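J.: Prediction below, plus the sequence it came from.
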Amino acid sequence: MTKQSDYLFSINNMRAIASMAVVLFHFIGTEQFLTNWTILKYISVYGQYGVQMFFVISGFVIPFSLYKSKYKIHYYGKFVLKRIIRLDPPYLANILFIICLSYVLSKVSSAQFTITWKQLLLHLGYLNAFFHEKWLNVVFWTLSVEFQYYVLLGLIYPLLIGNQWIRSITVISLLALSILFHDIPRDFFFAHIPVFLMGILTFQWYTRIIPKWEYIVWTFVCILFIYTSSIEILFVSIISVLLLFYFTIENKWLTFLGDISYSLYLMHVMTGSVVISIVKKRTDNIYIEFFALVFAVSISVTMSYLLYRFVEQPSQKLSSKIRFTNKSNSVTV
């Protein structure tokens, strides 16, 4: 990975793979669906680790964006505002869609409308986990983790580009926090620090902030930390770093799926998973189930494109108008 264009292709391609992996996990891996397709069923279970791929991507791309934009700590408010404008409109639109769908289902079936005002309002700050309230969408916990990461990164970024002692103390402190909060629920950033660090360290090496030996040493330490918790997450984290460098192929379908990956991540549970749920209750015919899977993916992609086209794209453009300096070289993330 030697050019920014290569970096952009690899990131977008990885987003496409990660989002589709999570989609297949929710459509097949967590459902009593296509049970006779043993290999597909086995592979789809590992789709859940697409989440960790997203974490590595964020570990790399967010500080890289700040680096290109010449970020300083006094721009912290602007940084958080940019992230909110970039990510919240599709998130809020998805919440509105869930409310409407839940209400309709409560009227046409025996399903109960159970959404409370407290549960709903806590979503506005990604706070449900802090108050033990259920998320309206099972993927929202990862958005909470990401937002916690943004809030912290904007504060510690200057330390990540400081001298060797400052950088080392910062990494040690982050790893110490991951030990201190080892048993914390997955909804909190501290549970995923070593995975995010894999991306952050790669950013530091890519931008020549740290020398190769420092990158190797701290990456090895992160690998040891991740190894103690999950071999699968370790494998995905290492593969994700490699893909950042080498997954630079240009493909129109990967580009399309990468572009809509955030919207697809939000929408697939409340579109395709509904289709899967309806079909699995009525038949176990393997061919009908397969066509139901194709339809579920198709309707999810279609609805996600609409969300991307009419909500996410405008929010991207609005977010890009917020600059840290007049001469900042911003990167869309």
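T.: Received the coordinates, thanks.
J.: can I assume S44 is in contact with F25?
T.: Yes: contact criterion CB atoms under 8 Å: S44 and F25 qualify, at 5.6 Å. The way it works is simple: take the backbone N, C-alpha and C, and place the C-beta from them, glycine included.
J.: between these two, what contacts are shared?
T.: Counting by CB atoms under 8 Å, 6 or more residues apart in numbering, no residue touches both S44 and F25.
J.: residues in contact with stretch 165-181?
T.: 156, 159-162, 188, 190-191, 193-194, 197, 201, 204, 209-210, 214, 218, 221-222, 225.
J.: hmm, try it at 10 Å
T.: Contacts with stretch 165-181, where a contact means CB atoms under 10 Å, 6 or more residues apart in numbering, come from 152, 156-162, 184, 188-197, 200-201, 204, 209-210, 214, 217-218, 221-222, 224-226, 228-229.
J.: Same check on stretch 223-232?
T.: 45-46, 48-49, 52, 175, 178-179, 182, 191-195, 197-198, 233-238.
J.: What distance do you get for A129 to L197?
T.: Distance, A129 to L197, using CB to CB, to the nearest Å: 21 Å.
J.: Between those two, which has more neighbouring residues?
T.: L197 (25 against 20; other CB atoms under 10 Å).
J.: Regarding that one, which helix or strand does it belong to?
T.: Per DSSP states H and E: L197 is located in helix 193-206.
J.: and that helix, what other elements does it pack with?
T.: Under the contact criterion of 3 or more CB pairs under 10 Å, 6 or more residues apart in numbering; DSSP states H and E, helix 193-206 touches helix 50-68, helix 140-160, helix 164-180, helix 212-227, helix 231-246.
J.: which residues does the residue most central in space within the chain contact?
T.: Geometric centre of the chain, nearest residue: F54, 4.1 Å, by CA atoms, centre = their mean. Counting by CB under 10 Å, 6+ apart, F54 makes contact with 14-15, 18-19, 21-22, 142, 145-146, 195, 199, 240, 261-262, 265.
J.: Output the contacting helices and strands for the helix or strand containing K82.
T.: K82 belongs to helix 76-108 when elements are defined using DSSP H and E. Counting contacts by 3+ CB pairs under 10 Å, 6+ apart, helix 76-108 is packed against helix 50-68, helix 117-123, helix 140-160, helix 261-280, helix 286-307, helix 313-320.
J.: Show me which residues of the second one are buried.
T.: Looking back up the chat, that one is helix 117-123. Buried residues in helix 117-123, counting neighbours by 16 or more other CB atoms under 10 Å, are found at L122, H123.
J.: I appreciate the help and will end here.
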